[in-house]
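In: Sequence and predicted structure below; questions after.
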Amino acid sequence: MRKFEYVIKDQFGIHARPAGLIARHADKYKSRITLRIGGRPADAGKIMSIMMLGARCGQTLEVEMEGSDEDAAYEGMKALLEEIL
């Protein structure tokens, strides 16, 4: 299992566009990717699950990957979040 934390910098938080990008990117991996804010989990492959987190600017997003390609998922998700949020 790999984990990292990311502080959301986008002034609008995770809204529909970045949630869609995250979900599409997460689906590329075999590993299960879970996002958490304040302990509440969300499946990174499901846009509605991500949106239900209500992630706002300044909050810390925990990202956890577990599976056969977790190293690739770790690098890919980290790069994506830095690019879009």
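Out: Okay, I see it. Residues are numbered from 1 along each chain as shown.

In: helix/strand/coil for Y74?
Out: When classified by DSSP: H, G, I helix; E, B strand; the rest coil, Y74 comes out as helix.

In: oh, I was asking about A42
Out: From three-state DSSP, the assignment for A42 is strand.

In: give me the number of residues near it?
Out: 24 (other Cβ atoms under 10 Å). Bear in mind the C-beta positions are built from the backbone N, C-alpha and C, glycine included.

In: What distance do you get for the residue nearest the centre of the chain to A72?
Out: Nearest residue to the geometric centre of the chain (Cα atoms, centre = their mean): L35, 5.0 Å. Per Cβ to Cβ, to the nearest Å, L35 is found 17 Å from A72.

In: residues touching M51, list them.
Out: Listed by Cβ atoms under 8 Å, 6 or more residues apart in numbering, the contact set of M51 reads I14, H15, A16, A19.

In: Looking at these, state which has the most neighbours.
Out: That'd be I14 among these, by other Cβ under 10 Å, with 26 neighbours.

In: Could you grab the helix/strand/coil label for that one?
Out: Applying three-state DSSP: I14 is coil.

In: backbone phi and psi for the spatially closest residue to A26 that is not a sequence neighbour, please?
Out: Spatial nearest neighbour of A26, chain neighbours left out: A44 (3.8 Å); criterion: Cβ to Cβ, 6 or more residues apart in numbering. Geometry field for A44 lists phi and psi as phi -70, psi -10, criterion degrees, to the nearest 10.
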